[in-house]
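Q: below are the sequence and a predicted model for it; my questions follow.
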Amino acid sequence: MVPLQLYLILSAMMFIIGAVGVVTRRNAIIVFMSIELMLNSVNLTFVAFSAFLGDATGQVFVFFVMTVAAAEAAVGLAIVIALFRRKQTVNLDEINIMKW
Amino acid sequence: MNSYLNDLVANAPVMIVTMTVLVVMLVEAVRKTRPVATYYVSITGLAFAAVFAITNLTVEGLSFGGMLLHGGYANFFGALFCCVSFFTVILSRNYFERQKYHRGEFYILLLFATIGMMLIASANDLIIVFLGIELMSVCLYVLAGFIRTKERANEAALKYFLLGAFATGFLLYGIALIYGAVGTTNLAMIRNVFAVVSINILFVIGAGLLLIGLAFKAAAVPFHMWAPDVYEGAPTPVTAFMSTGAKAAAFAAFITLFIRTFDFIGGQVNELLAVLAAASMILGNIVAIAQTNVKRMLAYSSIAHAGYMLAGIATGTLDGQVGVMFYLAAYAVMNLGAFAIISLVEHEGDQNLLLDDYAGLSYSQPLLAVLMAIFMFALAGVPPFAGFFGKYYIFLAVIRAKMVWLAIIGVLTSLVSAYYYLRLVVLMFFSHGRATVETSPPRIVLTMIVLSALLVLLFGLFPSIIIQTAQHYF
């Protein structure tokens, strides 16, 4: 059996890669993909804990996370499209009428 | 079946708002003309929910298998959120009609965001905390960019969305680690685990990540960078809603999780919260001085107010929590009033939002100028208005908790804040300009503003109304 630590290390690495991607990438779509990576690393953590604790709550939580991520994706992509129609770009450096 | 019905009735405020939003969606589906019916259904539903919440402030219990708290603490915040939402609905009809962007979807999204906030306050399980925060946030992302033909609004929505979703990642990872550490997501069970088991490192990391997520939603330094841009770019009624409702919801979650459940993890978080509070107070108040746009100025002021409330939470004492709950109610009325006046003075297309546009407002619109002055004095913390007692209770609690340095920073930054609040008052009354409003303000909006000014005065003169209610919950 694969020990719990390996799952946790893998998901922590996924989470950090996602977080670094959000901070460093400038394309709104890729930033959004990095956020999805973070959410999926959380799902992995939940499933791993759920299996090792023998408790179903974690897996139920994963379904909620997936649903919410889908809703977020719908809203997020809609916002990106609305912005793209106006500015013809999704580069975060060019989206700066107001200073960050 | 019967107990299920009982649970529904016990959670009446949330259920009423939910039913309202379902009706509103039906009305929207068959509507042919302007969304006036939608507007009336929304305010009726919210008013009913608020009345239900206020009349059931003392009964408390658990429902839906221990997932939700009903009554008491949940109703205190439920009433607050319903009132904030009610005010916002009334404000937005006038605002969006002037912007020629009056759409029915607005009310649906606003009501859903309100349900999310109410769920946060009634959560007794981390799943509900997460779902409530997301329901609120996803609706707010859309609301921030609601006028989608405006570039500024698009930009605000994108920034809010990206940083909000980023914060959600931290929040969720924190919840996952806490689940791993204690083996349950139920808050009551987590509390019991704490009584017998020593705290492990996994839990501390989880709580830290959760703190980051919540600090982001509350716009506390150093997780505040989205707030000025979003508050500036979003439609003014939405800004009013976010800066009062969403902030109150974040603090409701703070109190539920960090005080009522984790009990500060043995006092380790107090110091960290105190530092965040001090940073928010200093940065918010100082940067606000440099602003020329009124909405942006109030955005920084709201960061500073988040700092005062965090200071109250950092004490970890009963006085501090009661102070925070009072402050949230007081801040809601004074900030809503201020933003209502800004939305009346604002012209179509984000015009007339600069501080200089308020020069001489007292000559053309004396009533608005006087009301705005009241809200500014209240925000600055001048007695006898509500803001003074809010700060008084919080600083008193901070001193009693032996964090004198934090109280000193709080008082000094309040002095700094008086400069930019009073500058607006001086501009309105003592300088000549051509401040105008587009159309004469509608009577219902004026009534609401006067009402909130009266509440600011009432909370200031009789703070015990709220304090005594809040003291029951701890």
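A: Great, that's in hand. Numbers count the residues shown, from 1 in each chain, chains lettered A, B, ... in the order given.
Q: can you give me how far the host helix or strand of B:L336 is from the chain middle?
A: Secondary structure from DSSP states H and E places B:L336 in helix B:318-345. Mean-position distance between helix B:318-345 and its chain equals 8 Å (C-alpha atoms, centre = their mean, to the nearest Å).
Q: helices and strands around it, which ones?
A: Identification of packing neighbours for helix B:318-345 by 3 or more C-beta pairs under 8 Å, 6 or more residues apart in numbering or on different chains; DSSP states H and E yields helix B:72-98, helix B:236-241, helix B:247-254, helix B:294-315, helix B:366-380, helix B:386-400, helix B:443-461, helix B:464-471. To be clear about C-beta, it is placed using only N, CA and C from the backbone, and glycine gets the same treatment.
Q: same thing but 6 Å
A: helix B:72-98, helix B:236-241, helix B:294-315, helix B:366-380, helix B:386-400, helix B:443-461, helix B:464-471 (3 or more C-beta pairs under 6 Å, 6 or more residues apart in numbering or on different chains; DSSP states H and E).
Q: report the buried residues of whichever helix or strand comes after it.
A: Moving toward the C-terminus from helix B:318-345, the next helix or strand (DSSP H and E) is helix B:361-364. Within helix B:361-364, the residues that qualify as buried are B:361-362, counting by 16 or more other C-beta atoms under 10 Å in any protein chain shown.
Q: do stretch B:78-94 as well
A: For stretch B:78-94, burial by neighbour count (16+ other C-beta under 10 Å) applies to B:78-94.
Q: what's the answer for stretch B:403-418, then?
A: Neighbour counts over stretch B:403-418 (16+ other C-beta under 10 Å) mark B:403, B:406-407, B:409-410, B:413-414, B:416-418 as buried.
Q: equivalent analysis for stretch B:448-465, please.
A: Buried residues in stretch B:448-465 (16+ other C-beta under 10 Å): B:448-449, B:452-453, B:455-457, B:459-460, B:463.
Q: how far off centre is that stretch?
A: For stretch B:448-465, the distance to the chain centre is 17 Å (C-alpha atoms, centre = their mean).
Q: give me the residues contacting it.
A: Stretch B:448-465 is contacted from outside by B:87, B:90, B:330, B:333-334, B:336-337, B:340, B:371, B:374, B:378, B:384-386, B:389, using C-beta atoms under 6 Å, 6 or more residues apart in numbering or on different chains.
Q: need the buried ones from those residues selected in PyMOL.
A: A single PyMOL command selects the buried members of the contacts of stretch B:448-465 (16+ other C-beta under 10 Å):
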select buried, chain B and resi 87+90+330+333+334+336+337+340+371+374+378+385+386+389
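Q: quick check: residues of chain A near chain B?
A: Chain A has residues A:15, A:22, A:31, A:35, A:38-39, A:42, A:45-46, A:49, A:53, A:57-58, A:68, A:71-72, A:75-76, A:79, A:82-83, A:86, A:95, A:97-98 near chain B, with proximity defined as C-beta under 6 Å from any C-beta of the partner chain.
Q: list the buried residues of the helix holding B:L336.
A: Buried, per 16+ other C-beta under 10 Å, within helix B:318-345: B:319-345.
Q: and the residue in the stretch 351-474 of chain B that chain A sits nearest to, how far is that from A:I95?
A: As assessed by C-beta to the nearest C-beta, chain A sits closest to B:L353 within the stretch 351-474 of chain B, at 12.2 Å. B:L353 sits 20 Å away from A:I95, going by C-beta to C-beta, to the nearest Å.
Q: again, but for B:A329
A: Looking at B:A329 against A:I95, where the rule is C-beta to C-beta, the gap reads 36 Å.
Q: and if you look at B:V193?
A: The value you get for B:V193 to A:I95, if C-beta to C-beta is used, is 45 Å.
Q: cool, and B:I90?
A: 33 Å.
Q: cool, B:R98 as well?
A: Distance of B:R98 to A:I95, computed by C-beta to C-beta: 27 Å.
Q: follow-up on the earlier one: from the residues of chain A next to chain B, which land in helices?
A: A:15, A:22, A:31, A:35, A:38-39, A:42, A:45-46, A:49, A:53, A:57-58, A:68, A:71-72, A:75-76, A:79, A:82-83, A:86 (DSSP state H).
Q: show me which of the residues you listed are buried.
A: A:15, A:22, A:31, A:35, A:38-39, A:42, A:45-46, A:49, A:53, A:57-58, A:68, A:72, A:75-76, A:79, A:82-83.
Q: still on that earlier bit, in a markdown table, list the buried residues of stretch B:403-418 along with pLDDT.
A: Formatted as a markdown table, the buried residues of stretch B:403-418 follow (pLDDT from 0 to 100):
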| residue | pLDDT |
| --- | --- |
| B:M403 | 89 |
| B:L406 | 94 |
| B:A407 | 94 |
| B:I409 | 95 |
| B:G410 | 94 |
| B:T413 | 94 |
| B:S414 | 94 |
| B:V416 | 93 |
| B:S417 | 94 |
| B:A418 | 93 |
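Q: in contact with the closest residue to B:S85 other than its chain neighbours, which residues?
A: In space, B:S85 comes closest to B:T114 once its chain neighbours are excluded; the distance is 4.3 Å by C-beta to C-beta, 6 or more residues apart in numbering or on different chains. The neighbours of B:T114, taking C-beta under 6 Å, 6+ apart as the test, are B:17, B:81, B:85.
Q: change it to 7 Å
A: By C-beta atoms under 7 Å, 6 or more residues apart in numbering or on different chains, the residues touching B:T114 are B:17, B:81-82, B:85.
Q: which strand or helix spans it?
A: Counting by DSSP H and E, B:T114 is part of helix B:105-121.
Q: and that helix, what's buried?
A: Here helix B:105-121 shows B:106-121 as buried, counting by 16+ other C-beta under 10 Å.
Q: what angle sits between it and helix B:72-98?
A: 160 degrees (axes from the mean of the first three to the mean of the last three C-alpha atoms, to 10 degrees).
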